[in-house]
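# give the three-dimensional model of this entry:
(2 chains)
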Protein chains: 2
Amino acid sequence: MNNGIHTIVYKKQPKVCTWSSVVGPKEGRGQLKDAFDFVMQSPEYNQSSYEAAEQAMLNSAVQICIEKANMHPQQVQAMLGGDLLNQIISTSFTAREMGIPFLGLYGACSTMAESLLLGAMLVDGDYASPVVCTAGSHYCTAERQFRYPLEYGNQRTPAAQWTVTGAGACLLHKNKGNVCITHGTIGKVIDLGVKDANNMGAAMAPAAADTLFRHFCDTGRSPDDYDRIFSGDLGQIGSSLFKQLMKEKAFPLDENIYQDCGNMIFSPEDDVHAGASGCGCSASVLAAHILPRLESGEWKRVLFMATGALMSTVSSQQGESIPGIAHAVVFEHADCKEKG
Amino acid sequence: MNNGIHTIVYKKQPKVCTWSSVVGPKEGRGQLKDAFDFVMQSPEYNQSSYEAAEQAMLNSAVQICIEKANMHPQQVQAMLGGDLLNQIISTSFTAREMGIPFLGLYGACSTMAESLLLGAMLVDGDYASPVVCTAGSHYCTAERQFRYPLEYGNQRTPAAQWTVTGAGACLLHKNKGNVCITHGTIGKVIDLGVKDANNMGAAMAPAAADTLFRHFCDTGRSPDDYDRIFSGDLGQIGSSLFKQLMKEKAFPLDENIYQDCGNMIFSPEDDVHAGASGCGCSASVLAAHILPRLESGEWKRVLFMATGALMSTVSSQQGESIPGIAHAVVFEHADCKEKG
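Okay, here's the model as predicted:
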């Protein structure tokens, strides 16, 4: 990177060796219902608390991902990831179970892209390989932490998004796999003053537009250079604002190219208002829908940009606005099939 | 790294260009009183809330660090850091003010070492330079989030540690500076079952011993290869347990070589029981005490290992034990004086 340029070029193009997705029952009957590796029968996932269920779900995602590569956690050199819970306990506790050296991240719902961005650096720079990148969220834990206990039964506003119960994981390897990571654009924290904690899409859209615009400027590319561009969880309102902002920046996004993961996961019958959210949203859509199409060669180049709202209940109660962030990574179909 | 080896060697040896420390009044009258860059006159730091004060303190630390290098935030290519507050709002809001591309981390009190470990990779791998690494904590925000509101006036147990009001920042550069980072050892999450949230030192000591032991095995080194070895905030009880564990692992630590930042910051007159804690503890001691001695050449090689307790109030209330983590980085005095 030079001054003013925030897009990383991975010269050795780390490979995505395997990936996995584990989701809850509502997600499992949604638009991508046949694409997930595992659908939990209940949000409790046979655990004593929703928090324990979230941790078990992340555990499953990481384990499935490593098993698909015919590896053992002891062979994985680093784990990068996070979740939405205070002090990212779900991911930390998963790292405890796995025994893998752990780098904890917090990027709110942008965490999957942040972990891929940093994980790809670890592999590309010959610091570690393989590494596992992960993120997850759970509707029931997020509701009671950020909003109300479920038992309270509060009404949701039309702009509200539904936190995905889901987790995704990717195993990055220096040479195994035929999907590679070529670029990463680090997000800036952008805040246009949105204070409505029930309209996260609007809070995150400006950050998404900033990152994508900088990505195009840094690389000299345009939307036409991508088969698909995915944002993380802007939802219906946020993605519409995002498209408008990109149009103003002279990079209009064609609806055949651009999609938001937040609009892809739940069934229309499950009225979730403005769409899906949570870091499990983009993480599970990436693993269930995007990476398989890159592997098959149906898509040759995809930009994946997860978006996060960097607020807490305390910051909202103190009247602070909601800053957003978006990290982007570029995947390419690589012809170099499994070596070594 | 090879399988089973979790110590990174930074081939290009990124330099620590500048550093800074900002602390509260209690820290400012402690053992390192003349060593900090700035001492806040009150914990409120002229802000409307303790949370806003914590953010302003982090802002000051990052700003002072960048100014010392005669740079502007726009010239800094990435900021890595975190704090103890839910959803790391203090660091995220600082990144918003700075406008620097931001990678949010959560490693509890190990965050300063985690940010240096990753920041050094960004510089070493030619992904970004300069980058700013930061961490901070505030006694008043941590108390009300993790324990009780200050107004409640609860009694502290003898094993309790006092969260440091302080922040530290380091600007890493590919060639400016005469202190370099040569190695980094990524921590594993270790949990021996300690459940006492008022005895964090005991919860973190096994993780510290695991990381230091692996560092010695990976590098073929022993304590004698270091002028100093610092742990982050084990405090009196934790550092004593840590020394015992290292002795059992056949790497006894001489008291002339080993010190814990948690025992170095507060004055004995300010009875803080088992010592200091918080990610601002190791971050401010690093900037105020350790890096200047590496710069002057008084010390040639120092291992800095920050330790974190990965619990939340929810995990404790649900009966979970407290997992610990420790990340280590090695600094060396480099003869290569400021170039470029």
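# correct me, but A:M264 touches A:L286?
No. In this structure, A:M264 is not within contact of A:L286 by Cβ atoms under 8 Å, at 10.8 Å. For glycine as for every other residue, the C-beta is placed from the backbone atoms N, C-alpha and C.
# the two: which is more packed in?
A:L286 (29 against 20; other Cβ atoms under 10 Å in any protein chain shown).
# for that one, helix, strand, or coil?
Three states are possible here, and by DSSP: H, G, I helix; E, B strand; the rest coil the one that applies to A:L286 is helix.
# ok, now which ones touch it?
If a contact means Cβ atoms under 8 Å, 6 or more residues apart in numbering or on different chains, then A:L286 has A:W19, A:M112, A:G168, A:C170, A:F230, A:C261, A:F304 as its contacts.
# and with 7 Å instead?
Under the criterion of Cβ atoms under 7 Å, 6 or more residues apart in numbering or on different chains, the contact partners of A:L286 comprise A:M112, A:G168, A:F304.
# what's the answer for A:A274, then?
Listed by Cβ under 7 Å, 6+ apart, the contact partners of A:A274 are A:P158, A:A159, A:A160, A:Q161, A:G201, A:G235, A:Q236, A:I237.
# what does the domain assignment say about chain A?
If the domains of chain A are taken from automatic domain parsing, they occupy A:7-173, A:179-333, with pieces of a single domain joined by a plus sign.
# would you list those in TSV and tack on distance to B:F331 and mean pLDDT?
What follows is the domains of chain A, written out as TSV (distance: least, Cβ to Cβ, whole Å; pLDDT from 0 to 100):
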stretch	distance to B:F331	mean pLDDT
domain A:7-173	18	97
domain A:179-333	25	97
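# do you know which of those lies nearest B:A328?
Taking Cβ to Cβ as the measure, these were each checked against B:A328, and domain A:7-173 came out nearest at 11.2 Å.
# quick one: end-to-end distance for the closest one.
Using Cα to Cα, to the nearest Å, the end-to-end distance of domain A:7-173 comes to 21 Å.
# picking that back up, who wins for most neighbours among the contacts of A:A274?
Busiest of the contacts of A:A274 [other Cβ under 10 Å] is A:G235, holding 32 neighbours.
# pretty sure that residue is touching A:G278, no?
No. A:G235 is not in contact with A:G278 according to Cβ atoms under 7 Å; the separation is 11.0 Å.
# where do the strands sit along the stretch 151-300 of chain A?
For the stretch 151-300 of chain A, applying DSSP state E, counting those that start in this stretch gives strands covering A:162-163, A:166-173, A:179-185, A:228-231, A:258-260, A:276-277.
# any bit of the last one sitting next to chain B?
No. In terms of Cβ under 7 Å from any Cβ of the partner chain, no part of strand A:276-277 sits within range of chain B; the closest distance is 14.3 Å.
# buried set for stretch A:285-302?
Of the residues in stretch A:285-302, those with enough neighbours to count as buried (16 or more other Cβ atoms under 10 Å in any protein chain shown) are A:285-291, A:293-295, A:299, A:301-302.
# how about that stretch as CSV, C-alpha atoms only?
Taking Å, rounded to 0.1, in the frame of the first residue of the first chain, the C-alpha atoms of stretch A:285-302 are listed here in CSV:
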residue,chain,number,x,y,z
VAL,A,285,-24.0,-16.9,2.9
LEU,A,286,-20.4,-16.8,1.9
ALA,A,287,-19.9,-20.4,2.8
ALA,A,288,-23.2,-21.7,1.6
HIS,A,289,-23.8,-19.7,-1.6
ILE,A,290,-20.7,-17.7,-2.8
LEU,A,291,-17.7,-20.0,-2.4
PRO,A,292,-19.3,-23.0,-4.1
ARG,A,293,-19.9,-21.0,-7.2
LEU,A,294,-16.4,-19.7,-7.2
GLU,A,295,-15.1,-23.2,-6.8
SER,A,296,-17.2,-24.5,-9.7
GLY,A,297,-16.0,-21.7,-11.9
GLU,A,298,-19.5,-20.3,-12.4
TRP,A,299,-18.1,-17.1,-11.1
LYS,A,300,-14.5,-16.1,-11.8
ARG,A,301,-14.2,-13.0,-9.5
VAL,A,302,-16.3,-11.9,-6.6
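# run the chain-centre distance for that stretch.
14 Å (Cα atoms, centre = their mean, to the nearest Å).
# who's A:F230 bridged to?
With DSSP bridges as the criterion, the beta-bridge partners of A:F230 are A:Q259, A:F304.
# can you list the residues of the stretch 101-250 of chain A near chain B?
When proximity is defined by Cβ under 7 Å from any Cβ, the stretch 101-250 of chain A lies next to chain B at A:101-108, A:114, A:118, A:121-122, A:124-125, A:127-128, A:186-189, A:191.
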